[in-house]
Structure formats: structure tokens, C-alpha cells
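**Student:** I'd like to go over a predicted model; first the sequence, then the structure.
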Amino acid sequence: MNTSRIEANLQDLQRALGLYVQASGKSVEEVFAKKSSQLGYQLRLEFRTLMPGKGSVRNERLEALKTGEGVRVRPSVYAAVAEKFGAAPLASSVMKWRSKGGQLVGTNRKGLNLQALAVQAEFNLRESGRGFLGQSARFIGWRAGNDVSGTSQAKADSRYGAWLAKAGVTKTGTGTEAKFEWGGLSSMSDEAVHGIARTQGLAAVARAIDAVTSDMVPYLASHLDMTAEQMGLRA
């Protein structure tokens, strides 16, 4: 995992934040809360650029099926389809209809194939998760402006209520720090980590950090009467 660009951009951001406190006259806590909220928004925008086009997930897997590849259907999907159609999930990715007497009578009923229904449900679930990373950075709960005291917290939840990420600005004995955390909050939170840790995900994080820094440069240049180069920042 190459995080060198993220680390370099974080150094620029830290430098810009210090200058912003100087130029604005606001407290460190206020500036950190404001810019952390902005970074959360930028992360969401960047993660959304990684979202596959509508229908692309389904089409990709359908093409794979034509070449002989299989589709892994999650046990939870099998269970949901079984419950919906009154079937019984069995071993080896097989379901059978259950008769009124409780007997298992086959995999087809009234023209419906249980395995096909399960695959369709799996496709639907995967398609619905196209914007998952963007959702994992949809932080809610930031306190703004003068409402910031010692701590400011925000969180991102999935559409199903699972906790995906948390962010916060905390005043400690040694200063003020901002944290964005994914992982360890739920199984879906751990899945978000895997997505962000990929090359495209890391690049998106770096771009989001750079966007927040770049947004401050014109303000800093006008209030401090310094060029970006003099501030040690890129224009």
C-alpha cells in the first residue's frame, strides 16, 4: 500500500491549516472542525467518482456467466430468497421447494428456478452497492462555527443502519487533532477499508486532501499577502 502521496498532501494541509488560523483569527478548534467537515465532503465526492455506471455490475457478471464463470451467492441472499418463496436452502448452493407437507420437491416451481432467483437477487444486491464508498464518507453530525467546544464528532451510516465510519476533532493536552476512521465498527465498515485501501481509493483520498488545501490558497494569499510558493504550498 503506497500512501506517500497522502502523506505529502497531509503535510501541505497541516501547513495550510496553521496559516488559516493565523489569517482568519479563528480558534484552532473552529478551523479544524470547519475544514474536517469540508474534507469529509470532498472524500464523499471523490469516492463517488469510483462508482461503476448504472447496470455495469450486472452486465459484467452476465458476460462472465456466458464464458462459464460462476456467481457466488451469499448465504444471506439464499436465505432471503428461500424465505420469500417458501423454499429450503440446502448445501452446495442448492434450494428446493418445500411442499405443504414439508417434503422437498425440487428446484423448479411454476416456471421459477430457485437458483436463478438467487443469482438475480445477488446481482440486485451488488448493483445497489455501487455507491458504497461514497456512502461511507457521508458524515452526519458535524458541529459548525462557534458551537465547537472540546470535541466535535460525526459518523457515516449505511442505508441499512450499519456504522461505516466516524470522524472527529478532539482537543487534547498537546493540541487539536482530526481523525477519520473506517474499520472495526461493523462488517460493512471493514468492507469499506478494503475498498479505500485499493490504489484508486488511496488516490481518491489524496485528491480530497489536496482539494481542501487548494481551496484555502486564494484566501491565504489575499489575507497574508504571500504567494503560494512563499507559504510553501502549491498554487
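**Tutor:** Thanks, I have it. Numbering: from 1, shown residues only.
**Student:** neighbouring contacts of stretch 178-198?
**Tutor:** Contacts of stretch 178-198 with the rest of the structure, by Cβ atoms under 8 Å, 6 or more residues apart in numbering, involve 1, 32, 35-36, 39-40, 43, 47, 50, 132-133, 136, 158, 160, 162-170, 201-202, 204-205. (Each C-beta comes from the backbone N, C-alpha and C, glycine too.)
**Student:** can you map out the helices along the chain?
**Tutor:** For the chain, helices defined by DSSP state H occupy the ranges 4-24, 28-48, 56-66, 75-85, 114-128, 132-135, 187-196, 199-224.
**Student:** show the average pLDDT along the second one.
**Tutor:** Predicted confidence along helix 28-48 averages 92 (mean pLDDT).
**Student:** list the helices and strands it packs on?
**Tutor:** With contacts defined as 3 or more Cβ pairs under 8 Å, 6 or more residues apart in numbering; DSSP states H and E, helix 28-48 has these neighbours: helix 4-24, helix 132-135, strand 151-157, strand 163-172, strand 175-182, helix 199-224.
**Student:** ok so, going back, Gly141 is nearest to which of the helices of the chain?
**Tutor:** Taking Cβ to Cβ, helix 28-48 is the member of the helices of the chain nearest to Gly141, at 9.8 Å.
**Student:** what angle separates that closest one from helix 199-224?
**Tutor:** If you take axes from the mean of the first three to the mean of the last three Cα atoms, to 10 degrees, helix 28-48 sits at 140 degrees to helix 199-224.
**Student:** adjust the sequence numbering to begin at 7 for everything that follows.
**Tutor:** Sure, I'll start counting at 7 from here, so that last one is helix 34-54.
**Student:** list the buried residues of helix 34-54.
**Tutor:** Neighbour counts over helix 34-54 (16 or more other Cβ atoms under 10 Å) mark 34-50, 52-54 as buried.
**Student:** now do stretch 158-165
**Tutor:** Neighbour-count burial for stretch 158-165, counted by 16+ other Cβ under 10 Å, picks out 158, 160-164.
**Student:** deepest in the core, which of the helices and strands packed on helix 34-54 is it.
**Tutor:** Among the helices and strands packed on helix 34-54, ranked by average contacts under mean count of other Cβ atoms under 10 Å, first place goes to helix 138-141 (a mean of 21).
**Student:** about what we covered before: any chance of the helices and strands packed on helix 34-54 in a markdown table, plus distance to Ala127 and mean pLDDT?
**Tutor:** Formatted as a markdown table, those follow (distance: least, Cβ to Cβ, whole Å; pLDDT from 0 to 100):
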| stretch | distance to Ala127 | mean pLDDT |
| --- | --- | --- |
| helix 10-30 | 37 | 94 |
| helix 138-141 | 17 | 87 |
| strand 157-163 | 23 | 82 |
| strand 169-178 | 23 | 88 |
| strand 181-188 | 27 | 90 |
| helix 205-230 | 27 | 93 |
